[in-house]
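Enquirer: return a 3D structure for these sequence lines:
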Amino acid sequence: MNVFTKNAGRILDPQETKAMTGAYQERKLEVGLSKDEYIRSEYFGINQVQHLLNQPGCIGLRIHHAKRWEDADGKPTEPGKGQLVPRVLLTGVDAKGKDMPVYADKSGMKDMPDGDDGEMALGDGYTCPQHCPK
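Expert: Numbers count the residues shown, from 1 in each chain. From the prediction side, this is the model:
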């Protein structure tokens, strides 16, 4: 059975959603973190997500759990400087379940070598609590 279809996943009811996010938040509090000391979510704009979905052959998204060294303002640093922060990366997925390389017009992107057509992912979403609605 191929699980990589356009219908993978399901819409969760509010009670299940609340139980899942509540368990995550309770665990963070149990280890001594306050509500504003850990990332609860990450926001990505529709245009960036649509860019992934519009790739030929894309049938869904994969969300990769990742970590990155960041300063107090959430800017990337070098390994060992700042804090190692959990983040997510999004990639398009094809019908075989493989991550799709994102090819973007990289002209003018700082620090991007010419001719580098390596895989890219959507990242650097706005994190909550720093960017949560009040």
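Enquirer: okay, CA-based contacts and neighbour counts for the rest of this
Expert: Noted.
Enquirer: show me where this protein has helices.
Expert: Taking DSSP state H to define them, one finds helices in the chain at 14-30, 46-53.
Enquirer: closest to Ala66 out of the ones you listed?
Expert: Ala66 lies closest, by C-alpha to C-alpha, to one member of these: helix 14-30, at 16.7 Å.
Enquirer: how far is that closest one from where the chain is centred?
Expert: 19 Å (C-alpha atoms, centre = their mean, to the nearest Å).
Enquirer: let me see the contact set for Ile63.
Expert: The contact partners of Ile63, taken as C-alpha atoms under 8 Å, 6 or more residues apart in numbering, are Val88, Leu89, Leu90, Thr91.
Enquirer: from memory Cys58 sits against Lys96, does it?
Expert: No. If you go by C-alpha atoms under 8 Å, Cys58 and Lys96 don't touch, sitting 10.0 Å apart.
Enquirer: buried set for stretch 49-68?
Expert: Leu52, Leu53, Gln55, Cys58, Ile59, Gly60, Leu61, Arg68 (16 or more other C-alpha atoms under 10 Å).
Enquirer: for Trp69, see how far away the residue nearest to the spatial centre of the chain is.
Expert: Nearest to the geometric centre of the chain sits Val88, at 2.7 Å (C-alpha atoms, centre = their mean). For Val88, the distance to Trp69 (C-alpha to C-alpha, to the nearest Å) stands at 13 Å.
Enquirer: could you list the low-pLDDT ranges of the chain?
Expert: Residue ranges of the chain with pLDDT under 70: 103-119.
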